[in-house]
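**Q** Quick one: sequence and predicted model below, then my questions.
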Amino acid sequence: MASHIILPPEDADENHHQEEDGEEEEEREELGHDVGERAPPEHPPKAALPFSATCVRISRDSYPNLRALRNASSVSLADAAYVKISEGDFGYVLDDVPHLTDYVPDIPTYPNPLQDHPAYSTVKQYFVNEDDTVPQKVVVQKNSRRGVHFRRAGPRQRIYFGPDEVKACIVTCGGLCPGLNTVIRELVCGLSHMYNVNSIFGIQNGYKGFYSSNYLPLTPKSVNDIHKRGGTVLGTSRGGHDTKKIVDNIQDRGINQVYIIGGDGTQKGAYEIFKEIRKRGLKVSVAGVPKTIDNDIAIIDKSFGFDTAVEEAQRAIDSAHVEACSAENGIGLVKLMGRYSGFIAMYATLASRDVDCCLIPESPFYMDGEGGLLQYIERRLKENKHMVIVVAEGAGQDLIAKSIAKSDQQDASGNKLLLDIGLWLTHKIKDYFKSKKMEMTIKYIDPTYMIRAIPSNASDNVYCTLLAHSAIHGAMAGYSFTVGMVNGRHTFIPFYRVTSTRNKVKVTDRMWARLLSSTNQPSFLSQKDIDEASEADRHANRPPLPMGASHRVASSFEQSASTSSNGEI
Ligand SMILES: Nc1ncnc2c1ncn2[C@@H]1O[C@H](COP(=O)(O)OP(=O)(O)O)[C@@H](O)[C@H]1O
Ligand SMILES: O=P(O)(O)OC[C@H]1O[C@](O)(COP(=O)(O)O)[C@@H](O)[C@@H]1O
Ligand SMILES: [Mg+2]
């Protein structure tokens, strides 16, 4: 029998305490049936769960236990209140997303208009089963537990908003990324064409636009060609997240679907907005679409725009290679984006095959002495007369900090401002060969903003379209979530899961080994470093244990963490 744990928010209102009486007990029995086999009721019972599970609500009285449990994991007590875990047979765990019915009573439902849509109505089994979920870990052994699952994205048979009732808004936050305009376009066209929604607004210049600018009306016509342009037609910014002001504006303007496109910082902001909305009991869905050129968002297979960025990086690497080959002892140095994660650098290097050394933040390196970078460069030039180095912007920051007065400056969102590793390496390499009286030429190419500003390529365009559609289906069905592809399937992921860790290159995985073997560069790592990296990977990727969850749940989470969804093949 499945069991379901929902933990009440600290400031939960009276509605959240009613489930301990006998009447609720009956509801739980009923919910234990497979709802996939019959249509959900027009007016679902108060706090009904839109999937088959036995609901176990933890009351305020259990808070002392929750506090103890919180101490054993990294989830704050406030966040624990929003964790929805349901257990099934053979170690099955659903890490579920919040639904409007968790806190808004008596919401009417409507048939999904897609069933009468000339294009979509022909699709056999167009609607996903309410109970469909996607495993986080797909490589299993005979006796493996079923492990952690996420709710499958896709259109539902019944929706929680009437088309005339929807007032949607879209915002883009953080740095640019190829594909932002495609997501905006497809959100507008999808809402309009699939669900007949015609009240859609753009929030200008990121989060602060919620309370400081006019909302821009968006129509399929006004966004028709924007996917061919780089950047975001809505504008974006860092900083300016004031939860109360944002939700006041959402409430005052009667917005009931909020689509938030942005990276890890943005998704944290989306989570804060959702919590405030829930606290106020508003019938508003919050849908996050993860954006980051760095591909550093946890859980998802990859972020949109990443493929485009890797492809565009090839042009810079090719130029570096041409420059290097055309000079005596020529070095081409290319800096690529990647503040904390070196995915673009790693994939661009693997794709190019012209790169002799790739430096990323996850793999510390050293300059001098036996096995150091300078010695490797010298050897490579003697062997080959030229070389290409790719460096991720976040690499070697510790080395620069040692030689330049440390600066701890941050951007408006609180992200650390990086020192220019490319420029620093250029000087160091020049000085080294000068001291050795060896002729050489180094050309430093920084294509970072050029890569970020281009429109998305064809495959990213399709990916953006599907993400936008999944976000729309989820919001119409009453969920609040970050949408993401997990093992090739679109899913709704709880905000707390995508914001609690960061996706990083694992230097102990086969992908990094492939890179080392393709470039022939030294790994710069001692056995001690490797052991420490494995340990750090294990900790970084261990999801926060759901509070109040049983040992069985906890162990399923641990198991899922042992294999990342992205990267390892
Ligand atoms: N912990 C947080 N809580 C609320 N808002 C946040 C948080 N971190 C970042 N933000 C907001 O999210 C937006 C984008 O964040 P930023 O880190 O600049 O980019 P990205 O979302 O691409 O990582 C900014 O407006 C910032 O104020
Ligand atoms: O100059 P900006 O706009 O702050 O952007 C620089 C940063 O933006 C990024 O491209 C992506 O960052 P976000 O995804 O967090 O917005 C980083 O790689 C880079 O460090
Ligand atoms: Mg970020």
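**A** That came through fine. Ligands and ions are numbered 1, 2, ... in the order given.

**Q** now for the host helix or strand of residue 316, which elements pack on it?
**A** Using DSSP states H and E, residue 316 maps to helix 306-325. For helix 306-325, the packing partners by 3 or more CB pairs under 8 Å, 6 or more residues apart in numbering; DSSP states H and E come out as strand 330-336, helix 343-352, strand 386-392, strand 441-445, helix 448-452, helix 458-476. Using the backbone N, CA and C atoms, a C-beta is placed for each residue, glycine as well.

**Q** Identify each buried residue in the longest one, please.
**A** The reference is to helix 458-476. Buried residues in helix 458-476, counted by 16 or more other CB atoms under 10 Å: 460-461, 463-465, 467-476.

**Q** Show me which residues of the stretch 201-350 of the chain sit near ligand 2.
**A** Contact residues (CB under 6 Å from any ligand atom) of the stretch 201-350 of the chain with ligand 2: 263, 265, 292-294, 337-339.

**Q** repeat that with 8 Å
**A** 238, 262-266, 291-294, 296, 337-339 (CB under 8 Å from any ligand atom).

**Q** Show me the shaky parts of this protein.
**A** Counting by pLDDT under 70, the chain contains low-confidence ranges at 1-78, 405-407, 536-569.

**Q** ok, how many other residues are close to the residue in the stretch 301-450 of the chain positioned nearest to ligand 1?
**A** The nearest approach of the stretch 301-450 of the chain to ligand 1 comes at residue 413, 3.1 Å away (CB to the nearest ligand atom). Residue 413 has 22 neighbouring residues, counting by other CB atoms under 10 Å.

**Q** who's sitting farthest from the centroid in this structure?
**A** Largest separation from the mean C-alpha position in the chain: residue 437, at 48.5 Å (CA atoms, centre = their mean).

**Q** sec struct for it, please.
**A** coil (DSSP: H, G, I helix; E, B strand; the rest coil).

**Q** Against residue 427, how distant is it?
**A** Shown here: residue 437 relative to residue 427, a distance of 17 Å by CB to CB, to the nearest Å.

**Q** can you list the domain ranges for this structure.
**A** Residue ranges for the domains of the chain, per the TED database: 65-303+456-499, 306-403+419-455+507-537.

**Q** Give me the number of neighbouring residues for the residue of the chain found nearest ligand 3.
**A** Here the chain gets closest to ligand 3 at one residue, residue 263, 3.7 Å apart by CB to the ion. Residues near residue 263, counting by other CB under 10 Å, number 23.

**Q** ok, it touching residue 295?
**A** No: at 10.1 Å, residue 263 and residue 295 do not qualify as touching, with contact defined as CB atoms under 8 Å.

**Q** The closest residue to ligand 2 within the chain: how many residues sit nearby?
**A** Ranked by CB to the nearest ligand atom, the top residue of the chain for proximity to ligand 2 is residue 175, at 2.9 Å. Burial of residue 175 is recorded as 22 neighbouring residues (other CB under 10 Å).

**Q** Residue 379 - that's part of a strand, no?
**A** No: using three-state DSSP, the assignment for residue 379 is helix, not a strand.

**Q** Use 40 as the first number for this chain going forward.
**A** Sure, I'll start counting at 40 from here, so that last one is residue 418.

**Q** Which neighbouring residues are in contact with it, exactly?
**A** Listed by CB atoms under 8 Å, 6 or more residues apart in numbering, the contact set of residue 418 is empty.

**Q** ok, back up a step: could you pull up phi and psi at the residue of the chain closest to ligand 2?
**A** Note on residue 214: backbone dihedrals following degrees, to the nearest 10 are phi -70, psi 160.

**Q** could you dump the domains of the chain to CSV with distance to residue 448?
**A** Listed next are the domains of the chain as CSV, based on distance: least, CB to CB, whole Å:
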stretch, distance to residue 448
domain 104-342+495-538, 13
domain 345-442+458-494+546-576, 10
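
**Q** Show me how far stretch 316-324 is from its chain's centre.
**A** Stretch 316-324 sits 23 Å away from the centroid of its parent chain (CA atoms, centre = their mean, to the nearest Å).

**Q** Quickly check: that stretch near ligand 1 or not.
**A** No: Stretch 316-324 lies out of reach of ligand 1 by CB under 8 Å from any ligand atom, never closer than 14.0 Å.

**Q** Please tell me how far the residue nearest in space to the middle of the chain sits from residue 413.
**A** Geometric centre of the chain, nearest residue: residue 336, 3.5 Å, by CA atoms, centre = their mean. Distance, residue 336 to residue 413, using CB to CB: 35 Å.

**Q** and what of residue 563?
**A** 12 Å.

**Q** my read: residue 417 touches residue 474, true?
**A** No: using CB under 8 Å, residue 417 makes no contact with residue 474, being 11.2 Å away.

**Q** Comparing the two, which residue is more hemmed in?
**A** Remark: of residue 417 and residue 474, residue 417 carries more neighbours, 18 against 9, as counted by other CB under 10 Å.

**Q** contacting residues for that one?
**A** Going by CB under 8 Å, 6+ apart, the list of residues near residue 417 reads 471-472, 475, 477.

**Q** Mind doing that once more with 6 Å?
**A** Counting by CB atoms under 6 Å, 6 or more residues apart in numbering, residue 417 makes contact with nothing.

**Q** Also residue 319?
**A** Residue 319 touches nothing, counting by CB under 6 Å, 6+ apart.

**Q** Distance of the nearest residue to residue 340 once chain neighbours are set aside relative to residue 450?
**A** Leaving aside its chain neighbours, residue 340 sits nearest to residue 524 (4.7 Å; criterion: CB to CB, 6 or more residues apart in numbering). Residue 524 sits 28 Å away from residue 450, taking CB to CB as the criterion.

**Q** Looking at the two, which one has more neighbours?
**A** residue 524 (23 against 14).

**Q** which phi and psi does the closest residue to residue 118 other than its chain neighbours have?
**A** Among residues not flanking residue 118 along the chain, residue 535 sits closest, at 5.2 Å (CB to CB, 6+ apart). The phi/psi pair for residue 535 (degrees, to the nearest 10) reads phi -60, psi -30.

**Q** that older thread, contacting residues around the residue of the chain closest to ligand 3?
**A** 213, 330-331.
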